[in-house]
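K.L.:
With the input below, show me the fold.
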Amino acid sequence: MVVANRVPSILKERLGDEATLGLLDFVDAECNAWSGRVLTTAAQRLDAAAERYDTKLDEIGRRFGAKFDEIERRFDEIERRFDEMGRRFDARFDEIERRFDTKLDSKLAMAAERYERRLAEEIAGLRVAVVREIHEGRVDSIKWSFLFWLGQVAAIFGLFSLMLRSPTH
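P.N.:
Model (predicted):
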């Protein structure tokens with residue numbers, strides 16, 4: 001595993017290997033789940049748009065079906081108009097598809113940016129908590145060291161005082 005490259009060493013030491021792997025698995029699973037939801041939503045929207053266009057095409061087909069006799073009489077004229085309409089429809093569909101892709105890309109980029117910003121904020125908060133914990137540990141160590149040193153000085157001073165008061169001296 002590439003745990004050392006993905007997790008700060010202080011956090012890895014604090015959590016231990018098993019908890020660090022669990023944290024990485026959790027973050028990866030959430031990222032994969034989020035990506036799946038985004039792709040599913042995009043596919044559903046694209047399917048809905050295609051269905052709307054199919055419905056519109058069916059409606060156009062029904063209109064042409066009702067006028068089939070007239071179409072036979074003016075076949076050459078209708079064929080020319082139909083070709084022109086097909087080109088316009090293709091151009092319009094391409095424009096709509098391009099705008100949809102642009103909006104989808106924009107939405108995906110914004111969602112990814114928000115996710116990354118939230119992740120960075122959470123990591124920063126975690127770093128602050130770890131630094132506080134380390135600082136509190138240092139203060140406690142210094143306090144107890146000073147108390148131990150003070151006790152040692154008092155004991156040595158007491159021994160010297162006892163030796164100086166001793167009657168054999």
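
K.L.:
In this structure, where is pLDDT below threshold?
P.N.:
Applying pLDDT under 70 to the chain flags the ranges 1-5, 68-71, 168-169.

K.L.:
center of it - which residue?
P.N.:
The centroid of the chain falls nearest to residue 115 when counting by Cα atoms, centre = their mean (3.7 Å).

K.L.:
is it true that that residue touches residue 34?
P.N.:
Yes: Residue 115 is within contact range of residue 34, at 6.9 Å (criterion: Cβ atoms under 8 Å). From N, CA and C alone the C-beta is placed, and that goes for glycine too.

K.L.:
picking that back up, what sits against the residue nearest to the centre of the chain?
P.N.:
Going by Cβ atoms under 8 Å, 6 or more residues apart in numbering, residue 115 touches residue 34.

K.L.:
Would you mind measuring from it to residue 21?
P.N.:
Noted for residue 115: a distance of 22 Å to residue 21, by Cβ to Cβ, to the nearest Å.

K.L.:
Ok, residue 75 next?
P.N.:
Taken as Cβ to Cβ, the span from residue 75 to residue 21 is 71 Å.

K.L.:
And these two? Which one has more around it.
P.N.:
residue 21 (15 against 11; other Cβ atoms under 10 Å).

K.L.:
In this protein, what residue spans correspond to helices?
P.N.:
3-6, 9-15, 17-66, 68-73, 75-165 (DSSP state H).

K.L.:
Check the ones you listed for me and report the most buried one.
P.N.:
helix 9-15 (a mean of 13; mean count of other Cβ atoms under 10 Å).

K.L.:
now that one, how far from the chain's geometric center?
P.N.:
Average the C-alpha atoms of helix 9-15, do the same for its chain, and the two points are 22 Å apart (Cα atoms, centre = their mean, to the nearest Å).

K.L.:
Give me the helices and strands touching it, please.
P.N.:
On a contact count with 3 or more Cβ pairs under 8 Å, 6 or more residues apart in numbering; DSSP states H and E, helix 9-15 meets helix 17-66, helix 75-165.
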